[in-house]
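Enquirer: turn this into a model:
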Amino acid sequence: MNITLISAVLPVLILLCFIYKKDRLQPEPIGKLAWVFFVGCLSVVPASLMEMFLGAFTPFDPVAGGLFTGYVVAGFSEELCKLLLLLWVIWKSPYFDEYFDGIVYAVFLSMGFACIENIMYVFSSEAPMYIALTRGLLAVPAHFLFAVIMGYHLALAKFDLPNRRTHLLHALLYPVLLHGTYDALLMVSDAFTQGTDNEMTIGVVLSGVLTIVFIVFDILMWRWGIKRIKRMQERSKEQNFDRMHPFDGFKWNVL
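Expert: The predicted model follows:
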């Protein structure tokens, strides 16, 4: 198989295996996961169309353009398409029956999107192996983390009925903010290095500062994501215990 294709797909497969192995209590059916992943691959189409439309409104100023592209063109378009398709494909599914399922399905759909996007970036680059390496270490894991947060709040929306609307809003809002910040830091950092010699001197310093901020932000995203994975694993354990012991803690003396 083409080594370039393997390098583009491998990070996706690693993250899929990682989250699948975390689903220890009631692993999801492989067929259902494959279908969700396929839907994620298809989500590239509506997201790209939406990005093309919103991209026409991008400001000419490099910094403002970077912020707009990060938060609106990329962040909002991609995360909205992912969430809508995720709701369509799993919300009423009988397999979506525990908290951790929200994260598993969100990751599989998001990794479908990331897989196609990564292949497109890698094969359109003049330095495909470099792009595969950098995106494999940064962009693909970022999509994974956006999905963890989305799935976390989607699961809360599924099982916390009184606060469903709030959780659904958070399932879109937080991934958009994380995605937008991730992209905007990179784009604005690059914008600061453009201009005259005097502007570039200051720009290089600002770009370096934003690079440090980006690294810190990426570390914090991982910490946030791992905490939510562990939290949903615990909630699923409690959920399954309650189903197996429906009368545990019941005060029989009240009868």
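
Enquirer: for the residue minimising distance to the centre of the chain, grab phi and psi.
Expert: Centre of the chain computed as the mean C-alpha position; nearest residue by C-alpha atoms, centre = their mean is Phe146, 2.5 Å away. Backbone geometry at Phe146, expressed as degrees, to the nearest 10, gives phi -60, psi -40.

Enquirer: from what I see, it and Ser110 are in contact.
Expert: Yes: the pair Phe146 / Ser110 is scored as a contact, 6.5 Å apart, by C-beta atoms under 8 Å. For the C-beta atoms, the positions are set from N, CA and C on the backbone; glycine is no exception.

Enquirer: roughly how far does Phe96 sit from His153?
Expert: 14 Å (C-beta to C-beta, to the nearest Å).

Enquirer: now Ile219
Expert: Taking C-beta to C-beta, one finds Ile219 at 22 Å from His153.

Enquirer: what about these two, which has more around it?
Expert: Taking other C-beta atoms under 10 Å, Ile219 and His153 do not tie; His153 has more neighbours (25 against 10).

Enquirer: contacts only, for the more buried one.
Expert: His153 is in contact with 102, 167-168, 170-171, 174, counting by C-beta atoms under 8 Å, 6 or more residues apart in numbering.

Enquirer: likewise for Asp218?
Expert: 138, 142, 182.

Enquirer: same check, this time on Ala8
Expert: In this structure, Ala8 makes contact with 115, 118-119, 121-123, 132, 135-136, judged by C-beta under 8 Å, 6+ apart.

Enquirer: I'd like to know which of these are buried.
Expert: Neighbour counting by 16 or more other C-beta atoms under 10 Å classes 115, 118-119, 121-122, 132, 135-136 among the contacts of Ala8 as buried.

Enquirer: what segments of this structure are helices?
Expert: Applying DSSP state H to the chain gives helices spanning 3-22, 30-42, 44-55, 62-68, 77-90, 99-123, 128-137, 139-159, 164-191, 197-244.

Enquirer: what stretches of the chain score poorly on pLDDT?
Expert: 1, 195-201, 241-255 (pLDDT under 70).

Enquirer: Phe144 versus the closest residue to Ala74 other than its chain neighbours, what's the distance?
Expert: Excluding its sequence neighbours, the residue lying closest to Ala74 (C-beta to C-beta, 6 or more residues apart in numbering) is Asp183, at 5.0 Å. Going from Asp183 to Phe144 by C-beta to C-beta gives 15 Å.

Enquirer: who's more crowded, those two?
Expert: Shown here are Asp183 and Phe144; by other C-beta under 10 Å, Phe144 has more neighbours (24 against 21).

Enquirer: ok, now which ones touch the more buried one?
Expert: 15, 19, 107, 110-111, 114, 225.

Enquirer: distance from stretch 48-67 to the middle of the chain?
Expert: Stretch 48-67 sits 21 Å away from the centroid of its parent chain (C-alpha atoms, centre = their mean, to the nearest Å).

Enquirer: can you give me the end-to-end span of that stretch?
Expert: Stretch 48-67 has its terminal residues 18 Å apart, counting by C-alpha to C-alpha, to the nearest Å.
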